[in-house]
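# please find the sequence and the predicted model below.
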Amino acid sequence: MNFMFDIIKQKIRQYQDSIFQKTIRAIAQKARLEKKKISFDFGDISYLSTAGESLKNPSATVILMLHGFGAEKETWLGFASYLAPLHPMLIPDLPGHGESSWDSELDYSIHSQANRIYQLLLKLDVSKVHLIAHSMGGAIALRLAHLYPQLIKSMVLISAAGAEIKDGALEKINDFRDLNPLVDVQTRDDFQRLLDICMSKPPYIPKMFFNVMADKKIARFEKDKKIFNDISADLDQSNYLSRLRFPVLILWGDLDQVLDVADADYLYNHLVGSQKIVLTGIGHVPIVEEPQLCSRHTKDFLGMVSN
């Protein structure tokens, strides 16, 4: 009897995952994005790019989006759908995330990930980017800009890691198991807690999709532990800020529990000529909580720097 129940549960999970994937594909198509994959010596990188447009056009500046820790390229879909068709878009799964390759022997530090993104741009013949980055992606963006400044035309930092001067509220949240709620997601309740911490204004998620997302996150548990430890070694990018010379927009939610809004002030004060917008009532993931508002601010900014 237990065997039969296991088969039924497996069929239900497969059905839910199929519906979830079809929905994601439909949203990507609406944003004029198609999924591709490219191989390197360290493995494959899966990415979304603007359908029907070549990234190799030397006169075009590509919008490159880098997601946060434990997330994946689809995190950007709502935001990207409002942003299209401003410029060709390139949205990768960072190595070790989403559908990109995972290797427990690889180093997933900020420096290593920045160099892998550079390799991706080289292989795709992308010579100039408007770089939009969230959370951990922000630290990678800052390191990429430090290493390869000739690539960067502008940058949008959204709740960005890399310059933490004040502990977020997360540091004051006690877990009775002494676990990090951003990393140690081992049950669906843990996943719900993660959403509650990261977002002040979460979107509605149907129960079926919540289960699929939670189970995917739970399955990442060991990967996330490894990546979190690796990025912790060189997360701080503050030494490079004063050397960066290109337009920067800083977007932050005033209710961010993961990275305190004081970090936005620090970035603003140390990135020459930067702009800062603090979003009222928004948490750590503005691109999901208010994708249309974030895209509007980004469009306005890119309109100014592209002229």
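Perfect, thanks for sending it. Numbers count the residues shown, from 1 in each chain.

# what's the neighbour count on T61?
Per other C-beta atoms under 10 Å, the neighbour tally for T61 reads 20. Every residue, glycine included, has its C-beta placed from N, CA and C.

# repeat that for D125.
11.

# swap in Y266?
By the measure other C-beta under 10 Å, the count of residues near Y266 is 17.

# what do you get for S100?
Neighbours of S100 (other C-beta under 10 Å): 23.

# with adjacent residues omitted, what lies nearest to it?
With C-beta to C-beta, 6 or more residues apart in numbering as the criterion, S100 has its nearest non-adjacent residue at 4.0 Å, and that residue is D93.

# ok, that neighbour - contacts?
By C-beta atoms under 8 Å, 6 or more residues apart in numbering, the contact set of D93 is 45-47, 67, 72-73, 99-100.

# include secondary structure, distance to L121 and pLDDT when you put those into a markdown table, please.
Below are these laid out as a markdown table (DSSP: H, G, I helix; E, B strand; the rest coil; distance: C-beta to C-beta, whole Å; pLDDT from 0 to 100):
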| residue | secondary structure | distance to L121 | pLDDT |
| --- | --- | --- | --- |
| I45 | strand | 11 | 98 |
| S46 | strand | 16 | 98 |
| Y47 | strand | 11 | 97 |
| H67 | coil | 16 | 98 |
| E72 | coil | 19 | 97 |
| K73 | helix | 16 | 98 |
| E99 | coil | 19 | 97 |
| S100 | coil | 15 | 98 |
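
# surely L267 touches L251?
No - applying C-beta atoms under 8 Å as the test, L267 and L251 come out as separate, 10.6 Å apart.

# list the contacts for the most centrally placed residue in the chain?
What sits nearest the mean C-alpha location of the chain, by C-alpha atoms, centre = their mean, is H67, with 1.2 Å. By C-beta under 8 Å, 6+ apart, the residues touching H67 are 73, 75-76, 91, 93-94, 97, 134-137.

# just the ones of the residues you listed in strands?
Among those, DSSP state E puts 91, 134 in strands.

# need the per-residue pLDDT for the residue nearest to Y82 when sequence neighbours are not counted.
With C-beta to C-beta, 6+ apart as the criterion, Y82 has its nearest non-adjacent residue at 3.6 Å, and that residue is S295. Per-residue pLDDT puts S295 at 96.

# work out for me the element S295 sits within.
Take DSSP states H and E as the rule and S295 turns out to sit in helix 291-306.

# again with I38
Secondary structure from DSSP H and E places I38 in strand 33-40.

# just the buried residues of that strand, please?
33, 35 (16 or more other C-beta atoms under 10 Å).

# over to stretch 147-160?
Those buried within stretch 147-160 under the rule 16+ other C-beta under 10 Å are 148, 151-160.

# how far away is the closest residue to G273 other than its chain neighbours from L48?
Of all residues not flanking G273 in the chain, P247 sits nearest, at 6.6 Å (C-beta to C-beta, 6+ apart). Separation of P247 from L48 (C-beta to C-beta, to the nearest Å) stands at 25 Å.

# same thing with D103?
D103 is 22 Å from L48, by C-beta to C-beta.

# from one end of stretch 55-74 to the other, what's the distance?
19 Å (C-alpha to C-alpha, to the nearest Å).

# starting at the chain centroid, how far to that stretch?
Distance of stretch 55-74 from the chain centroid (C-alpha atoms, centre = their mean, to the nearest Å) equals 10 Å.

# again with stretch 29-45
15 Å.

# now, the most widely separated pair of the buried residues of stretch 147-160?
Farthest pair in the buried residues of stretch 147-160 (C-beta to C-beta) is Y148 and S159. Separation: 23.3 Å.

# mean confidence for the helix or strand harbouring K223?
Applying DSSP H and E as the criterion places K223 in helix 221-232. Averaging pLDDT along helix 221-232 yields 96.

# quick one: that helix to chain centroid distance?
Centre-to-centre, helix 221-232 and its host chain are 15 Å apart (C-alpha atoms, centre = their mean).

# outside of the helix or strand just after that helix, which residues touch it?
On the C-terminal side of helix 221-232, the closest following helix or strand by DSSP H and E is strand 248-253. Applying C-beta under 8 Å, 6+ apart, the contact partners of strand 248-253 are 154-160, 200, 259, 261, 263-264, 267-268, 271, 273-279, 281-286, 289, 294, 297-298, 301.

# I'm done for today, thanks for sticking with me.
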